[in-house]
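Return a 3D structure for these sequence lines:
(2 chains)
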Amino acid sequence: MCRVGEEPGPPDERAATDAAFTALLEDSAEDLYEQAPCGYLSTLMDGTIAKINDTLLGWLGLERAEVVGRMRFTDLLTVGGKLYHETHFAPLLRMQGEVHGIALEMRTAGRGRLPTLVSSTVKRGGDGEALLIRTTVFDASDRRAYEAELLRRRREAEQARAEAERAHARAEAALRQAETDRQRLTEALSALQQSLVPSSLPAVPGLETAVYYHTASPDLLGGDFYDLFPVGGGRWAFFLGDVCGKGPEAASLTSLTRYTLRAAALHDPEPAAALRTLNAVLHEHYTAAGDPRYCTVVFGLLEQAEDGRVGVKVASGGHPPSLILRADGDSEFLPTPGGLLVGVLPEAPFTTATTVLAPGDTLLLYTDGLTEARTGPTREGLFGDEALLAFAADQAPATPRGLVEALTVLLKGFGDGLEDDTALLALGVSAARPTTDPAADAP
Amino acid sequence: MDILRRNNVTLLGSGDGPVVVLAHGFGCDQNMWRLVVPALAERYRVALFDYVGSGGSDLAAWDEQRYSSLHGYAQDVVEVCRELDLREAVFVGHSVSAMVGVLAAGAAPERIGALVMVAPSPCYVDDEGYRGGFSAEDIEELLATLESNYLGWSAAMAPVIMGNADRPELGRELTNSFCATDPDMARVFARTTFLSDSRDDLKGVTVPTLVLECTQDAIAPREVGAYVHAAIPGSRLVTLDATGHCPQLSAPEATAQAVLAFLDGLR
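Take a look at the predicted model:
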């Protein structure tokens, strides 16, 4: 008893308190040993139990007579505890003379288990010889339950992490697969794209050609098309056009249009006749079937004259007029007014125009991606026909290659303003065509 | 790679006889031999080492797949012997290391000239017609005990456990250090040790072999000692008047005398 900040009581009362205190302190060492709130046991160095207190016997449900001199410490342990004792506890005790706080499980009489924390020290004689091992055992049931919960949580966390890692691996595999698929699709689209526009134009004697092709669609499938091919008798046909829509659906219409025009031209290269055939095919295939689709196109026929000039005859179905850059620096549209969109009506009239290209002259066909490119932030500022004519005037005279290169720079300058597919096809008569074998000119 | 550093190799003693290689078993490290080393080193050169994953070994060299088989540990032995250029060495293996020695002697016969098997067991789990003393469930129980004793152990503790002289305030933590290793590595070593079955390897032993057993051993009972002795042609069996699984600690003089008698007999 401890009184702080109080006067001691009367002498007789103080004497009574001291007597009670003394009685308490006379708690015998024997009783303290037997009834301590922890287990005590002493063993010989070989583990044979020499002494054990009541507390531990009670926990284990054993009788003193069956334990003392008959059992070893390891006999009290579970098999796992015994293995741990032999591989860790006993060597440590031998090497250090003491071991503290080792978790071991003990077996109880009812085939139960008692989680414990065990500490041991070696008692030595006066000559330093090891005599016996003193061991204290604490009931660690509550603590072990807490630890088991910690372990369970840790395993759960480890499992969650492992699961996350697996998911991550799956996502990466999916990403690789997607990349492979994308690669394959790109290759397929590239092959398909080849069927829409030729990968390169054929070499035409006495003629220079240049093209530019831009697809606004991310899948590379454009709605613009062009071609140049021989139709016999030294004549060449060409066309350039623009189908309605974009992407894969436009591409199928583009494909049909291109091969129809090629086939029609072989049958009758007359421009208006080729467009009439195309009109009939598209109308039958789409509009008459309830799925109206159409295109605009310029179709032309080239025929070379003896004097090196080239006669041009074009027909247009709703397409912007072609542009001519003369060798003398003039530039002009080649008007083809009144032609209707191809594929809308069962019968459609097409306007034909003719011109002659002299050496140094260049004919430019283009789609409205060029003239309808935005030059400002809104659709109110479009490039337009007049600006195109002015640009051509600046460039003239120009070779097909030079003109297309200049227009390419112009188009790139539009940036986001170039919203639609855009195709350019320039045809020109070579300005200085060698008429003799170059080797003959050598000195 | 520096093998001597990796396996924390210690060399001491002198003599012109064969080098004695002392190999610890599962649980602790080369400190297990400290009580018998003085007597051996007086007359023989002695090499001590820690397996990768134990004691003062280089934990960075740990490879779970390699050390999931006793052959991985035997490879440590062969590499240490080769690094020291040992020939006809006497390999003294405690507990599971006795079997590691059998594998190492088979793999590098020119390096190992004799075996001392201290408290060996070729198979801890009972099998038909064979009593190893344990069931597979018992081994799982050991792993659970391992785990509860490693609770709170973390990678941050590794430098402490490996001996950190710069931080004496952590000395308290070192109390139980001789038998402390990374818990993941200890778990693998425990599984490899107690679930291995090397009985078929015993008959391939051709070098002089001494089998040392204890009168009372909870891990390697006497019938297992008898089994090993019978399986190795020409082996000698000595039963030490010692209890427990570690006679080199509980009866160091008797253990050292038995090993020395065997060594002397080889000359």
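
pull the helix or strand with minimum mean pLDDT from chain A.
helix A:11-25 (a mean of 76; mean pLDDT, DSSP states H and E).

count of residues packed around A:Phe383?
Residues near A:Phe383, counting by other C-beta atoms under 10 Å in any protein chain shown, number 21. The way it works is simple: take the backbone N, C-alpha and C, and place the C-beta from them, glycine included.

List the residues that contact A:Asp242.
A:Gly223, A:Asp224, A:Phe225, A:Cys295, A:Thr296, A:Val297, A:His319, A:Thr367, A:Asp368, A:Gly369, A:Asp421, A:Ala423 (C-beta atoms under 8 Å, 6 or more residues apart in numbering or on different chains).

So stretch A:64-80, near chain B or not?
Yes. For stretch A:64-80, a contact with chain B is found by C-beta under 8 Å from any C-beta of the partner chain, at A:Arg72, A:Thr74, A:Thr78, A:Val79, A:Gly80.

Test my guess that A:Leu77 contacts A:Met106.
Yes. Here A:Leu77 reaches A:Met106: they are 5.9 Å apart, a contact under C-beta atoms under 8 Å.

quick revisit: between the residues of stretch A:64-80 next to chain B, which sits nearest A:Ser119?
Comparing the residues of stretch A:64-80 next to chain B against A:Ser119 with C-beta to C-beta places A:Thr74 closest, at 16.2 Å.

A:Gly80 is in contact with the closest one, correct?
No. With contact defined as C-beta under 8 Å, A:Thr74 does not count as touching A:Gly80 (11.7 Å).

quick revisit: just the ones of the contacts of A:Asp242 in strands?
A:Asp224, A:Phe225, A:Cys295, A:Thr296, A:Val297, A:Ala423 (DSSP state E).

tell me the contacts of the closest residue to the third one other than its chain neighbours?
Sequence neighbours aside, A:Val243 is the residue nearest to A:Cys295 in space, at 4.1 Å (criterion: C-beta to C-beta, 6 or more residues apart in numbering or on different chains). Contact analysis of A:Val243 by C-beta under 8 Å, 6+ apart lists A:Gly223, A:Asp224, A:Phe225, A:Ala250, A:Leu253, A:Thr254, A:Thr257, A:Arg293, A:Tyr294, A:Cys295.

Now A:Val243. Its backbone dihedrals?
The phi/psi pair for A:Val243 (degrees, to the nearest 10) reads phi -90, psi 160.

State the distance from B:Gly265 to B:Gln75.
30 Å (C-beta to C-beta, to the nearest Å).

of the two, who's got more company?
Neighbour totals were compared for B:Gly265 and B:Gln75, and B:Gln75 leads with 19 against 11 (other C-beta under 10 Å).

From A:Arg124, how far off is the closest residue to the more buried one other than its chain neighbours?
Take B:Gln75 and drop its neighbours on the chain: the residue closest to it by C-beta to C-beta, 6+ apart is B:Arg66, 7.1 Å away. Remark: distance between B:Arg66 and A:Arg124 (C-beta to C-beta) = 43 Å.

Can you pick out the residue with more neighbours from the two?
Neighbour tally, B:Arg66 and A:Arg124, criterion other C-beta under 10 Å: the higher count belongs to B:Arg66, 16 against 12.

Write out the residues of the stretch 101-250 of chain B neighbouring chain A.
Residues of the stretch 101-250 of chain B lying near chain A (C-beta under 8 Å from any C-beta): B:134-135, B:138-149, B:151, B:175-176, B:178-179, B:194, B:216-219, B:243-246, B:249-250.

In PyMOL, how would I select the buried members of those residues?
Buried subset of those, written as a PyMOL selection, criterion 16 or more other C-beta atoms under 10 Å in any protein chain shown:
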select buried, chain B and resi 134+138+139+141+142+143+144+145+146+147+148+149+151+176+178+179+194+216+217+218+219+243+244+245+246+249+250
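
Restricted to strands, list the residues of the stretch 101-250 of chain B next to chain A.
Members of those lying in strands (criterion: DSSP E): B:Gln216, B:Thr243.

Just the ones in helices from the residues of the stretch 101-250 of chain B next to chain A, please.
B:138-149, B:194, B:249-250 (DSSP state H).

Could you list the alpha-carbon positions for stretch B:21-41 in CSV?
Extracted C-alpha coordinates of stretch B:21-41, given in CSV (Å, rounded to 0.1, in the frame of the first residue of the first chain):
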residue,chain,number,x,y,z
VAL,B,21,35.8,-30.0,-44.6
LEU,B,22,33.1,-29.4,-42.0
ALA,B,23,29.6,-28.9,-43.4
HIS,B,24,26.6,-27.7,-41.3
GLY,B,25,23.1,-29.0,-41.6
PHE,B,26,19.7,-27.4,-41.8
GLY,B,27,19.1,-24.8,-39.1
CYS,B,28,22.3,-23.1,-38.2
ASP,B,29,25.7,-22.4,-39.8
GLN,B,30,29.4,-23.2,-39.4
ASN,B,31,29.3,-22.1,-35.8
MET,B,32,27.8,-25.6,-35.1
TRP,B,33,31.4,-26.9,-35.2
ARG,B,34,33.0,-24.5,-32.9
LEU,B,35,33.4,-26.9,-30.0
VAL,B,36,35.2,-29.6,-32.1
VAL,B,37,37.3,-27.4,-34.3
PRO,B,38,40.1,-26.8,-31.8
ALA,B,39,40.8,-30.5,-31.4
LEU,B,40,40.7,-31.1,-35.1
ALA,B,41,42.7,-28.0,-36.1
